[in-house]
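K.L.:
Got a predicted structure here, sequence first:
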Amino acid sequence: MKQSIAKLIAIVFPLVLAYGLTFYVSFKNLQENDSVTTQVVVPPQQPSEEVSEVEEGPYDETLTLKEGDTLANILSRLGIPSSQAHEVITALAKVFNPKDLKIDQEVYVIYDTQPNGENYDLKFLRLRSDIDHYVELVRTGGSLFQATKYKKELKHEYSNINGSIKISLYADALKAGASPKMLYDMIKAFSYDVDFQRDIQPGTEFSLFYDTYKDEDSGHERPGELLYAKLVLDDKPHEIYRFQPLGGVPGYYTSLGEAVQKALLRTPIDGARINSGFGNRKHPIKGYTKMHKGVDFGAPTGTPIMAAGDGIVERCNKYGAYGNYICIRHVGNTKTVYAHLHRFAKGVSAGSKVRQGQVIGYVGATGNATGAHLHFELIRNGKHENPQKVTQLPKTKLTGAAFNEFKAFIAKIQQTKKEKDQIAMDRNESRLESEELQSPPPFKIDSSLKSS
Ligand SMILES: [Zn+2]
């Protein structure tokens with residue numbers, strides 16, 4: 001009898017254990033599945049409150065793009081079928097290039113379970129296409145999506161930057177927060193009057209004042225137009241203002257209301273690429289002498305060279321010690337010469353008409369040159385002149401009502417700038433004060449330890 005009981009236990013016990021284990025596993029799977037599907041088969045033993053905790057759709061989520069992500073793969077991770085993701089992207093592409101999505105960009109989505117419960121349907125999507133715009137995608141029924149681009153209202157403000165040059169105007173102003181577009185405008189505007197190779201020295205002070213557009217929700221800012229810039233050369237301020245006369249086009253003017261545009265550029269090369277003479281020890285950067293007949297601009301090989309003024313190309317070929325050489329004839333019996341070019345720009349040859357600022361070639365070291373640089377000459381009435389010393393009349397000067405309007409514009413800019421500078425100074429002072437407060441008391445040597 002005892003033996004048969006033991007036998008029964010030996011048979012029944014593993015069965016009970018196996019059944020229990022099966023039940024436990026299926027129960028556990030059920031719990032895990034709860035979060036991804038609402039179609040749940042409830043076994044009769046299951047307490048009912050487990051089911052009512054399942055959140056009903058629709059759901060919303062903010063997805064963040066990681067490196068290597070595409071819109072298609074973040075949607076598929078969410079459980080959106082790939083055919084639907086494709087329709088989403090096709091609709092979006094009409095107002096936004098999905099390739100413009102950046103790492104860390106956020107995409108807000110609303111989605112819901114499909115009627116058959118297998119996957120999800122995307123209902124709505126919103127993303128920021130750039131600081132000024134956002135894009136919304138709405139499901140309009142079936143598998144149809146409609147994307148619309150909206151303009152975001154940004155708050156207009158003014159910003160300013162004050163600094164001094166350590167490396168170059170371009171590098172230092174960029175570091176201080178100026179945008180490349182603003183710097184391009186500034187360098188171009190100053191290129192008529194400033195020799196970027198010789199006039200700019202370490203410590204040269206600069207100021208920029210410009211429009212800013214701010215998104216108050218995210219705090220992102222977009223710089224607008226450069227309104228004012230100042231360079232202090234030899235203790236003399238050079239100021240430019242961006243002004244649009246009534247019925248005219250916007251342009252830069254000096255504080256006297258003279259257009260910065262002149263017949264000739266003083267720096268006929270991209271001034272941003274010049275490390276302002278100092279620190280450039282590889283080759284001599286010569287100034288004008290009777291022997292040298294021109295001025296040199298040291299810049300990396302390939303830096304674009306611009307026509308200093310409108311004119312006709314008289315010569316464009318190899319020319320002895322000058323290497324690759326261009327001579328342009330301008331009005332007023334004036335010529336400009338460009339030497340040691342790495343190569344000529346496409347379409348430029350003897351007889352071509354060129355406009356001021358047009359790229360005619362690229363910096364090199366052909367002919368007798370110790371390093372890459374542009375050798376630039378100015379010839380007036382058959383005589384060489386120092387391009388740095390030539391004074392030129394502005395192309396236009398504001399007069400009458402336009403000049404009065406300009407004066408009022410200057411006053412407004414200077415007043416706003418003064419207020420901005422004051423705020424920056426106050427902030428700087430309070431920062432310094434708080435640093436003083438936070439610094440630990442000076443360390444004192446204990447006199448008892450001194451003697452030992
Ligand atoms: Zn030279």
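P.N.:
Now that the structure is in, tell me what you want to look at.
K.L.:
Please enumerate the strands of the stretch 351-452 of the chain.
P.N.:
For the stretch 351-452 of the chain, strands defined by DSSP state E, counting those that start in this stretch occupy the ranges 353-354, 359-362, 373-380, 383-385.
K.L.:
between those, which one is nearest to the ion?
P.N.:
With C-beta to the ion, the closest approach to the ion among these belongs to strand 373-380: 3.3 Å. Bear in mind the C-beta positions are built from the backbone N, C-alpha and C, glycine included.
K.L.:
What are the buried residues along the closest one?
P.N.:
Using 16 or more other C-beta atoms under 10 Å as the burial criterion, the residues of strand 373-380 that qualify are His373, Leu374, His375, Phe376, Glu377, Leu378, Ile379.
K.L.:
Farthest-apart pair in those, please.
P.N.:
Taking C-beta to C-beta as the measure, those span a maximum distance of 19.4 Å, between His373 and Ile379.
K.L.:
Gly117: which of the buried residues of strand 373-380 is nearest?
P.N.:
Closest approach to Gly117 among the buried residues of strand 373-380 (C-beta to C-beta): Leu374, at 71.4 Å.
K.L.:
So in terms of bridging, what pairs with that closest one?
P.N.:
Leu374 has these beta-bridge partners by DSSP bridges: Phe297.
K.L.:
any low-confidence regions in the protein?
P.N.:
Low-confidence segments of the chain (pLDDT under 70): 1-55, 275-284, 434-452.
K.L.:
could you redo the last one with a cut-off of 50?
P.N.:
Within the chain, the stretches with pLDDT under 50 are 1-2, 8-9, 12-52, 279, 440-452.
K.L.:
okay, now the domains of it?
P.N.:
Domains of the chain are assigned by automatic domain parsing as 59-151, 154-262+393-429, 273-385.
K.L.:
Tell me the residues on the stretch 351-452 of the chain that lie near the ion, please.
P.N.:
Contact residues, the stretch 351-452 of the chain versus the ion (C-beta under 5 Å from the ion): His375.
K.L.:
for the stretch 351-452 of the chain, what spans make up the helices?
P.N.:
Counting by DSSP state H, counting those that start in this stretch, the stretch 351-452 of the chain has helices at residues 400-438, 447-450.
K.L.:
what sits up against the top strand by length along the chain?
P.N.:
Criterion DSSP state E: the longest strand present in the chain is strand 221-233. With contact meaning C-beta atoms under 8 Å, 6 or more residues apart in numbering, strand 221-233 is reached by 131-132, 154, 156, 158-159, 169, 178-179, 181-182, 185-186, 189-190, 194, 199-200, 204-215, 237-242, 250, 413, 417.
K.L.:
Helices along this protein, start to end?
P.N.:
Here the chain has its helices, by DSSP state H, at 2-34, 49-52, 71-78, 82-92, 169-175, 180-190, 400-438, 447-450.
K.L.:
Tell me the buried residues in the fourth one?
P.N.:
Using 16+ other C-beta under 10 Å as the burial criterion, the residues of helix 82-92 that qualify are Gln84, Ala85, Glu87, Val88, Ile89, Ala91, Leu92.
K.L.:
re earlier: can you say which of the strands of the stretch 351-452 of the chain is nearest to Asn324?
P.N.:
Asn324 lies closest to strand 359-362 among the strands of the stretch 351-452 of the chain, at 6.9 Å (C-beta to C-beta).
K.L.:
List the pairing partners of the closest one within its sheet, with orientation.
P.N.:
In the sheet, strand 359-362 lines up against strand 304-306 (antiparallel), strand 343-344 (antiparallel) (DSSP bridges).
K.L.:
Only the C-alpha atoms, please, for it, written as CSV.
P.N.:
This file holds the C-alpha atoms of strand 359-362, laid out as CSV (Å, rounded to 0.1, in the frame of the first residue of the first chain):
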residue,chain,number,x,y,z
VAL,A,359,35.5,86.0,-59.2
ILE,A,360,38.2,86.1,-61.8
GLY,A,361,40.7,83.6,-60.5
TYR,A,362,42.1,81.9,-57.4
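K.L.:
Looking at the stretch 201-350 of the chain, which residue is nearest the ion?
P.N.:
Nearest to the ion in the stretch 201-350 of the chain, going by C-beta to the ion, is Asp296, at a distance of 4.1 Å.
K.L.:
dump the residue contacts of Tyr120.
P.N.:
Shown in contact with Tyr120 (C-beta under 8 Å, 6+ apart): Leu78, Gly79, Ile80, Tyr111, Asp112, Thr113, Gln114.
K.L.:
All set, thanks.
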